[in-house]
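Quick check, what structure comes out for this input:
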Amino acid sequence: MTMKPLVLVTGAAGLLGRYILRELIHAGYPVRGLDRRSSEECDDWVVGDVTDATTVTRAVKGAGLVIHAAARANIWQGTGEEIMHTNVMGTWQVFEAARREGIARVVFCSSDSVIGYTVREGAMKPPLYMPVDLDHPLQATDPYALSKILGEDIARSYTHWGMQTVALRTVFVAYPEMVGEIRARHASPETYRGTPAGGPSSAGGGMFYNYIDPRDLARAFRLALELEMEPGSFEAFFLAAPETLAGETTVERARRLHGDAIEIRRPELYQSNPFAGLYDVEHASARLGFRAEHSLRHLIEAPSSTGEKQ
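The predicted structure is shown next:
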């Protein structure tokens, strides 16, 4: 049996990192974690910051693949300067160390925020059309989103060294710790602010409440490691559950919020699945072999649900 390569996972002690580690370990990969704190998820661990070149160089030593998930995960996790420093300089340090080590592939955790329609603290520029695909222009309007566009640019730049790079544009990750926030938002969407249910952050997903289960997202990272790619190539994928966590249908919501400003390019999609999300997930299905398996709509469709528009 061929031994699988060692996978370095940055941000491995975080909410997402722990799911990625479990997925890889279950699939038989040897793993190493890099984070500012240690975890019991695996035995091979480097404690340090991704912005520190010495730490990252030590972490990539002997690895064959890298998943770069370390980041300030939203605009509430620091000032604009701190977000840009961690997310941009940290990403560059990881890719540069991977290049020097001769690592063939780095999978970068990007975000649907690159479209510019995720958090109200940004300009919230609506998309030109839906479902949003890879041809849609990138319209970052806040430091976090901008850091992810720059991270994708870094990933593309390293293909010129022969590296294979993948950017996974994930939507709001609905961790179990977020269940209370999801329910609180649905119960009172007009007044929902902050973290009334004590979650690690507010319920997200932009104005359409897109989401993905962390188990599905972790599987997508594994599939990105295993994707057949040519040397020196870059690929990107939108990742989301096939439906939203909104109480009204997606087209109704688009029309209520923006009138006819958003072109509905595939009306048959929203006819067959009225709650289909904002992003095109068919490319991930066809090319990556990924389709979300876990639905959380039961959280808002329970008998106690108010069913109010959100």
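
Can you give me the buried ones in the longest helix along the chain?
With secondary structure taken from DSSP state H, the chain has its longest helix at helix 143-157. Neighbour counts over helix 143-157 (16 or more other C-beta atoms under 10 Å) mark P143, Y144, A145, L146, S147, K148, I149, L150, G151, E152, I154, A155 as buried. Using the backbone N, CA and C atoms, a C-beta is placed for each residue, glycine as well.

Now name the helix or strand holding the nearest residue in space to the second one that is not next to it in sequence.
Spatial nearest neighbour of Y144, chain neighbours left out: I75 (4.5 Å); criterion: C-beta to C-beta, 6 or more residues apart in numbering. Using DSSP states H and E, no element contains I75; it sits outside every helix and strand.

Name the residues that touch stretch 153-170?
The contact list for stretch 153-170 (C-beta atoms under 8 Å, 6 or more residues apart in numbering) reads 88, 91-92, 95, 98-99, 103-112, 114, 151-152, 212, 217, 220-221, 224, 227, 229-240, 279.

let me fix that: stretch 279-287
So stretch 279-287 is contacted by 112, 131-134, 169, 171, 210, 220, 227, 235, 237-240, 242, 290-292 (C-beta under 8 Å, 6+ apart).

what is the rounded mean pLDDT of stretch 143-163?
For stretch 143-163, the mean pLDDT works out to 97.

let me fix that: stretch 188-197
Mean predicted lDDT for stretch 188-197 stands at 92.

Could you tell me the end-to-end distance of it?
12 Å (C-alpha to C-alpha, to the nearest Å).

quick one: that stretch to chain centroid distance?
23 Å (C-alpha atoms, centre = their mean, to the nearest Å).

what does stretch 8-24 give?
The answer for stretch 8-24 is 13 Å, by C-alpha atoms, centre = their mean.

Next: stretch 157-175.
9 Å.

Does anything pack onto the one helix or strand L34 maps to? Which helices or strands?
L34 belongs to strand 31-35 when assigned by DSSP H and E. Contact here means 3 or more C-beta pairs under 8 Å, 6 or more residues apart in numbering; DSSP states H and E; on that basis strand 31-35 packs against strand 7-10, helix 15-26, strand 45-47, helix 53-60.

farthest pair in the buried residues of helix 143-157?
P143 and A155 (18.7 Å; C-beta to C-beta).

on that earlier part again, after the longest helix of the chain, which helix or strand is next? Please name it.
Counting by DSSP H and E, what follows helix 143-157 is strand 164-170.

Show me which parts of whichever helix or strand comes after that following strand are buried, residue by residue.
Toward the C-terminus, strand 164-170 is succeeded by helix 179-187 as the next helix or strand (DSSP H and E). Within helix 179-187, the residues that count as buried by 16+ other C-beta under 10 Å are G180, E181, I182, R183, A184, R185, H186, A187.

How about the fourth one, nearest residue that isn't a chain neighbour?
Taking C-beta to C-beta, 6+ apart as the measure, R183 lies nearest to L299, with 5.9 Å between them; neighbours along the chain are not counted.

circling back: rebuild the buried residues of helix 143-157 as JSON lines, extending it with distance to C42.
Formatted as JSON lines, these follow (distance: C-beta to C-beta, whole Å):
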{"residue": "P143", "distance to C42": "31"}
{"residue": "Y144", "distance to C42": "28"}
{"residue": "A145", "distance to C42": "31"}
{"residue": "L146", "distance to C42": "32"}
{"residue": "S147", "distance to C42": "27"}
{"residue": "K148", "distance to C42": "26"}
{"residue": "I149", "distance to C42": "31"}
{"residue": "L150", "distance to C42": "29"}
{"residue": "G151", "distance to C42": "24"}
{"residue": "E152", "distance to C42": "28"}
{"residue": "I154", "distance to C42": "26"}
{"residue": "A155", "distance to C42": "25"}
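
so which of the residues you listed would you say is closest to M3?
Distances from M3 to those, taken by C-beta to C-beta, are shortest for A155, at 26.5 Å.

Distance check, that closest one against A224.
12 Å (C-beta to C-beta, to the nearest Å).

Go ahead and confirm I182 touches Y175.
No: with contact defined as C-beta atoms under 8 Å, I182 does not reach Y175; the gap is 10.1 Å.

shaky segments in the stretch 201-310 of the chain?
302-310 (pLDDT under 70).

all strands in it, in order from the N-terminus.
Assignment of strands within the stretch 201-310 of the chain using DSSP state E, counting those that start in this stretch yields the ranges 234-239, 263-264.

Which elements pack onto the shortest one?
Packed against strand 263-264 by the contact rule (3+ C-beta pairs under 8 Å, 6+ apart) you find strand 129-130.

which residues sit against the strand it packs on?
Counting by C-beta under 8 Å, 6+ apart, H136, T250, A254, I262, E263, I264, R265, L278 sit against strand 129-130.

Give me the distance between the residue lying closest to D35 once chain neighbours are set aside and P214.
Closest residue to D35 apart from its sequence neighbours, by C-beta to C-beta, 6+ apart: A13 at 3.8 Å. Distance of A13 to P214, given as C-beta to C-beta: 14 Å.
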